[in-house]
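In: Here's a sequence, model it:
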Amino acid sequence: MLSKVLACAVAICALPHTAGADVYPTRPIRLINPTAPGGTAEPIARVIASKLSASLGQSVVVDSRGGAGGTVGTATAASSLPDGYTLLLGVVSPMAINVSLYGAKLPYDPLRDFAPVSLITKVPQVLSVHPSLTANTIKQLIDYARDPKNKLNYGSAGSGTTGHLVGELLKKFANLQITHIPFKGSGPALSAFLSGDVGIMLSGPPAVLALSQAGRLRVLATSGVTRTPVLPDVPTFIESGLPIDVTSWYCLVVPAGTPQSIIARLHAATVSALNSPQVAEALLKMGAPPESSSPEELRVFLRAEIKKFAEVVEIAGARID
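Out: Predicted coordinates:
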């Protein structure tokens, strides 16, 4: 009799925990975007957040916290409670590149402090020039930049971003003397570029597609092995004779220690979102094709990217400005 009583007591004590896991989420969720508003990452975050809201039955609110190449927002997520109510849009800069650039000064460890959920998309970097520049090809741009009379600079979303690395690789492989102007996000960089303060802009496709179609800038090259479908007439750097293959990516992660049942729920909702025609169409229009993964596949991917970008940073000679 006593054993039956104890068994019932154990079962009753277990009910609240089980029920809590089953009903997650019970309140709004925050999705931290570690980049400034108006950049490449924000529209991706909002598309994903909208579909996750519908799948999870709770609002998923995008919280954009740019600064220090994405380090500020990423550190905020790393120190948040591992309860499933803080998600992070993992971005290549703070999750891989900054490991080499900041070293021991980085206030988090991407592999130790986060639990992976799913990859979201991979996108190339796009090199655009201001309409005032006469260059229509990479070769013409290189010839223009090598003329001592022409002083050129390039803008990026900040030190340690993929745009920064591509710019430094361009300088190295084309033997150019152009100055890097880091901004606090793609939005501020794009504003300076459009006003003519910088002649070259390096960013993801979402930031420049509409402006390219409106004739407010010219796109000369994209990174990656193959051309991006949204800019089919634009050659890659590799086609132009420059061995530059640097790809940006976005993923979903949560603070380490988040219960596996919650990670599984978020993973299922994310994969469902990426497989939906509405999300796929929205991302494809941005030049960001949806690409999901399992949590373990994402962990392996992150580890490989950290190693790869350590080599890219060394080759490029990039440093924090």
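
In: what does stretch 307-320 rub up against?
Out: 69, 92, 96-97, 99-102, 159-160, 164-165, 168-169, 172, 246 (CB atoms under 8 Å, 6 or more residues apart in numbering). The C-beta positions use only the backbone N, C-alpha and C, and glycine is treated the same way.

In: what's the offset of it from the middle of its chain?
Out: Taking CA atoms, centre = their mean, to the nearest Å, one finds stretch 307-320 lying 17 Å from the centre of the chain it belongs to.

In: next one: stretch 310-321
Out: The answer for stretch 310-321 is 18 Å, by CA atoms, centre = their mean.

In: tell me the average confidence for that stretch?
Out: Averaged across stretch 310-321, pLDDT comes to 80.

In: So which bits of it are buried?
Out: Of the residues in stretch 310-321, 312-313, 316, 318 count as buried by neighbour count, 16 or more other CB atoms under 10 Å.

In: In contact with the spatially closest residue to residue 136 that is not a sequence neighbour: list those residues for me.
Out: Nearest non-adjacent residue to residue 136, counting by CB to CB, 6 or more residues apart in numbering: residue 218, 6.7 Å away. Residues in contact with residue 218 (CB under 8 Å, 6+ apart) are 128-129, 131, 133, 135-136, 212.

In: Can you give me the separation between residue 218 and residue 92?
Out: For residue 218, the distance to residue 92 (CB to CB, to the nearest Å) stands at 25 Å.

In: pretty sure residue 123 belongs to a helix, no?
Out: No - read with DSSP: H, G, I helix; E, B strand; the rest coil, residue 123 is strand and lies in no helix.

In: Begin at 827 from now on, thanks
Out: Sure thing, new numbering starts at 827, so read that last one as residue 949.

In: Just confirm it contacts residue 1074, I think it does.
Out: Yes - look at residue 949 against residue 1074 with CB atoms under 8 Å: they come within range, at 5.0 Å.

In: Read off the pLDDT value for the residue nearest to residue 962.
Out: At residue 1044, the model reports a pLDDT of 95.

In: so what's the nearest residue to residue 922 once chain neighbours are set aside up against?
Out: Distances taken as CB to CB, 6+ apart put residue 1131 closest to residue 922, at 4.3 Å, once the chain neighbours are dropped. Residue 1131 makes contacts with 918, 921-922, 1075, as judged by CB under 8 Å, 6+ apart.

In: Work out for me the element the residue lying closest to residue 903 once chain neighbours are set aside sits within.
Out: The shortest distance from residue 903 to any non-neighbouring residue, by CB to CB, 6+ apart, is to residue 914 (3.8 Å). Here residue 914, judged by DSSP states H and E, is contained in strand 912-917.

In: again with residue 1091
Out: helix 1086-1101.

In: Next, the buried residues of that helix.
Out: Buried, per 16+ other CB under 10 Å, within helix 1086-1101: 1088-1089, 1091-1093, 1095-1097, 1099-1100.

In: Let me know the angle separating that helix from strand 912-917.
Out: 50 degrees (axes from the mean of the first three to the mean of the last three CA atoms, to 10 degrees).

In: Can you list the helices and strands that the helix or strand just after helix 1086-1101 packs against?
Out: For helix 1086-1101, the following helix or strand on the C-terminal side (DSSP H and E) is helix 1103-1111. Helices and strands touching helix 1103-1111, as assessed by 3 or more CB pairs under 8 Å, 6 or more residues apart in numbering; DSSP states H and E, comprise helix 867-882, helix 1086-1101.

In: Now do the last one: everything it contacts.
Out: For helix 1086-1101, the surrounding residues in contact (CB under 8 Å, 6+ apart) are 847, 850, 874, 877-878, 881-882, 909-910, 913, 941, 943-944, 946, 1078, 1080, 1105-1106, 1109, 1116-1118, 1120-1121.
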